[in-house]
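Visitor: A predicted structure for the sequence below; I have some questions about it.
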Amino acid sequence: MAKKESKKPNKLHIKKGDMVIVMRGKDKPRKKKKGDGTVEYSKGRVLKVLPKENRVLVEGCNMVTKAARPSQANPQGGLIEIEAPIHISNVMIEDPKTKEPTRVGYKFIEDKNGKTKKVRYAKKSGTILDK
């Protein structure tokens, strides 16, 4: 048998704490009215990033029901609702200025000390995402 190689986790454009918009699945954007062009987005903060599986856990999105046994934390047991991971390709960063989905770009900026630093920025408005 051949030895299984350990694959390095992918570098992702989304980090923990980012505000994201779910673009696909049961929480995808919905049009408010038929003639109106406004869209209602399902937004949430990223709770956890799973780079090996290319998935993210988004607060309040992709809720699933799970049967839980009684424990000290949950003495009653029964059915509880938790967030399930979403594939990273199905979410987009929320632009801080326009509050709409945007792609992420990378650029190098110079800080106060004269060092160059690689930062993420929103392609739509040009706002820097990393502080």
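Guide: Yep, that arrived.
Visitor: How is this protein divided into domains?
Guide: 10-93, 95-131 (automatic domain parsing).
Visitor: Need those domains in TSV (columns: mean neighbour count and mean pLDDT).
Guide: C-betas here are computed from N, CA, C, even on glycine. Formatted as TSV, the domains of the chain follow (neighbours: other Cβ atoms under 10 Å; pLDDT from 0 to 100):
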stretch	mean neighbour count	mean pLDDT
domain 10-93	14	90
domain 95-131	13	92
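Visitor: How far off centre is the strand ranked longest in the chain?
Guide: In the chain, assigned by DSSP state E, the strand with the most residues is strand 42-50. How far strand 42-50 lies from its chain's middle: 4 Å, per Cα atoms, centre = their mean, to the nearest Å.
Visitor: Identify the neighbouring strands of it in the sheet and state each direction.
Guide: Partners of strand 42-50 in the sheet, by DSSP bridges, are strand 19-22 (antiparallel), strand 55-58 (antiparallel).
Visitor: Show me what the first one is in contact with.
Guide: For strand 19-22, contacts defined as Cβ atoms under 8 Å, 6 or more residues apart in numbering pick out 14, 28-29, 41-46, 56, 58, 61-62, 86, 90-94, 96, 100-101.
Visitor: which other helices and strands contact the helix or strand following that strand?
Guide: Going down the chain from strand 19-22, the next helix or strand is strand 30-31, by DSSP states H and E. Applying 3 or more Cβ pairs under 8 Å, 6 or more residues apart in numbering; DSSP states H and E, one finds that strand 30-31 makes contact with strand 39-40.
Visitor: No more questions from me, cheers.
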